[in-house]
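In: fold the following and give me the result.
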Amino acid sequence: MLLNRRKALAGAGGLMTALATGEAWAADAPRLRKAASSLSSADDDILAFAEGVQIMKRRSDALSWEAQNRLHAQRAEHGNWRFLPWHRLQVAHMERIIAQVTGHARFAMPYWDWQVDRFLPPWVLDPSSPLYERERDPAAETLDFQKARFAQSRDVARVSDDNFDAFCGRERAAGRVEAYGHNIIHMLVGGYMSSTRTAALDPVFWLHHCNVDRVWATWHQKNGDAVYPRPWKDVSMSGFTGPNGRQTGRWTASRITSTRGLGYGYDALYAPLVFALPPGALGGPPVSTSEVSLRVEADSPDGSVRLALPPELLRQLREAPGRVTVEGEGVVAYERSENLTGRGIATSILADKGRVDLGVSPTFVHFGGGEGEAHEGHVGHGDYAHVFTFDSAVVQLARLTTGPLAIVSTAQDLRPEEGRPPARAVSLEARLTVTEYAV
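Out: This is a model prediction of the structure:
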């Protein structure tokens, strides 16, 4: 690919000086991030992205391509509620770095919406382009990602009606946007993308995380600032390099809930919205609501964990005279180890003659922490856990069967040819809110 473009350097110096302090990120005319499918290899943002990769790969300082990967390998937040703000900051900083090193002051990172566009953009598949990466799964070049393994799980797209825990995650557990849609793409692209140690070396990483950020922007527009709990708003992140090569200081999540606070926006928000019906929409006012919390420690040698639903709950689901709804949320945890890499955590509700599959989350295990590195949060420490959700399908399953029901999670081996021992499950917990209606 021939990178030949007039550089727009005017005014960039003053802007970069202001950004060095971590201030002046908001702009009257925010950068507009566009869909990768709407851009050709000749579009200015793609030319700038390719040139930026080319320039950064030749550098060895804080603005180098390797430095950005090292930051992600050592300090990125995965498997907890810091995932979304941390990666929002990394993509925003990369956007400014590319603007500086190329002179394209208005560069905006494109996003790759794999559910709509389905295939990788052609300009990342051109071997002559800096955006091409040899270290990918060869199958990814022709893969229809929308129809790929695990990608059609309902947990991938159904996000707008998620509460904070289900969407963003918990302090020590990944939310659904990370555990499903995010992890699935890392697994399917493969190569560098399959490991937290190397993922940011592939330009597709930045397109993918730009889209994950767009999903968050969509959810935020629907829910607003009030949905974020105070402990999450106060979480602190640092270590990001600004376009002048110096660190931009400490950031709190509360500063960056809106994309405008970082000076960018999207040409379109995330399309697959599913809105929950208000309580009673199909059956009059509720007559009772109860909550059941369950937890079990894993003791199975096969790497699975099983949580039985109590008999009294099953009687309620089966014998209630009127309509019954269930809103369920759970967390499954596995021991963090190299043996957990390359697996898919499959969670289902099982009965004697039926099942409800709740999705498969490919593992994306972060170990983090280079020598001497200090981190806020839980980078690479503790159990590997993620949130899952379920709904009134459990009621239908209960009423179609007579025996016990159980929530079961299993870490399927996606590399069975290696003959590895099972991953070690730690625990499984679930909270069910059961609402009964008169009719």
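
In: next, count neighbours for T142.
Out: Neighbour count of T142, defined by other C-beta atoms under 10 Å: 9. From N, CA and C alone the C-beta is placed, and that goes for glycine too.

In: and it, what is it in contact with?
Out: T142 sits next to F119 when contact means C-beta atoms under 8 Å, 6 or more residues apart in numbering.

In: which pLDDT does the model give it?
Out: Model confidence at T142, given as pLDDT, is 97.

In: what of T259?
Out: For T259, the pLDDT comes out at 96.

In: please apply the same query to F367.
Out: 86.

In: that one against S195, yeah?
Out: No: F367 lies out of contact with S195 (C-beta atoms under 8 Å); the separation is 9.6 Å.

In: helices of the protein, start to end?
Out: Counting by DSSP state H, the chain has helices at residues 12-19, 44-58, 65-75, 83-102, 114-117, 154-157, 164-168, 176, 183-189, 203-223, 230-233, 311-319, 393-400.

In: for the shortest one, the distance to its chain's centre please.
Out: In this case it means helix 176. 7 Å (C-alpha atoms, centre = their mean, to the nearest Å).

In: measure how buried the closest residue to P203 other than its chain neighbours is and give me the count.
Out: Leaving aside its sequence neighbours, P203 sits nearest to L131 (C-beta to C-beta, 6 or more residues apart in numbering; 4.5 Å). Residues lying near L131 (other C-beta under 10 Å) number 23.

In: same question for K353.
Out: Residues lying near K353 (other C-beta under 10 Å) number 10.

In: so what's it closest to, chain neighbours aside?
Out: Nearest residue to K353, sequence neighbours excluded (C-beta to C-beta, 6+ apart): T401, at 5.6 Å.

In: quick one: that neighbour from G261, how far?
Out: 50 Å (C-beta to C-beta, to the nearest Å).

In: A179 contacts T389, correct?
Out: No: the pair A179 / T389 is not scored as a contact, 10.7 Å apart, by C-beta under 8 Å.

In: these two: which is more packed in?
Out: A count of neighbours by other C-beta under 10 Å puts A179 above the other of A179 and T389, at 28 against 22.

In: residue contacts, V189?
Out: Here V189 is in contact with L120, R136, D137, A140, D202, V204, H208 (C-beta under 8 Å, 6+ apart).

In: contact partners for the fourth one?
Out: Right, A140. L120, L188, V189, G190, G191.

In: and for the third one?
Out: With contacts taken as C-beta under 8 Å, 6+ apart, D137 has the following neighbours: L188, V189, G190, G191, S194.

In: cutoff 7 Å now
Out: V189, G190, G191 (C-beta atoms under 7 Å, 6 or more residues apart in numbering).

In: what is the burial count for R149?
Out: R149 has 14 neighbours, counted by other C-beta under 10 Å.

In: swap in R96?
Out: For R96, the tally of surrounding residues (other C-beta under 10 Å) stands at 25.

In: pretty sure it is touching N244, no?
Out: No: at 9.4 Å, R96 does not count as touching N244 under the criterion of C-beta atoms under 7 Å.

In: most neighbours of all the contacts of A140, which one?
Out: V189 (26 neighbours).

In: how about it: what's its closest non-neighbour residue?
Out: Sequence neighbours aside, A140 is the residue nearest to V189 in space, at 5.0 Å (criterion: C-beta to C-beta, 6+ apart).

In: bridging residues for T433?
Out: Here T433 sits in beta bridges with E291, E327, going by DSSP bridges.

In: let me know the pLDDT of it.
Out: T433 is given a pLDDT of 98.

In: quick check: it touching V292?
Out: No: in this structure, T433 is not within contact of V292 by C-beta under 7 Å, at 8.2 Å.

In: looking at those two, which one has more neighbours?
Out: Using other C-beta under 10 Å, the more surrounded residue of T433 and V292 is V292, with 16 against 13.

In: so who does that one touch?
Out: V292 touches L313, L432, V434, counting by C-beta under 7 Å, 6+ apart.

In: Throw those into TSV and include distance to A351 and neighbour count, thanks.
Out: Output for the contacts of V292, formatted as TSV (distance: C-beta to C-beta, whole Å; neighbours: other C-beta atoms under 10 Å):
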residue	distance to A351	neighbour count
L313	14	19
L432	16	20
V434	17	21
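
In: tell me the one of the residues you listed nearest A253?
Out: Comparing these against A253 with C-beta to C-beta places L432 closest, at 29.2 Å.

In: I'd say that closest one and G328 touch.
Out: Yes: here L432 lies in contact with G328, judged by C-beta under 7 Å, at a distance of 4.7 Å.

In: how many other residues sit next to E338?
Out: E338: 9 surrounding residues under other C-beta under 10 Å.

In: how far away is it from Q74?
Out: As for E338, its distance to Q74 is 17 Å (criterion: C-beta to C-beta).

In: gap between the closest residue to V53 other than its chain neighbours and Y264?
Out: Of all residues not flanking V53 in the chain, P130 sits nearest, at 4.2 Å (C-beta to C-beta, 6+ apart). As defined by C-beta to C-beta, P130 lies at a distance of 23 Å from Y264.

In: one more: P311?
Out: Distance of P311 to Y264, computed by C-beta to C-beta: 53 Å.

In: repeat for S258
Out: As for S258, its distance to Y264 is 10 Å (criterion: C-beta to C-beta).

In: try G239
Out: Note on G239: its distance to Y264, by C-beta to C-beta, is 21 Å.

In: okay, these two: which has more neighbours?
Out: Using other C-beta under 10 Å, the more surrounded residue of G239 and Y264 is Y264, with 24 against 21.
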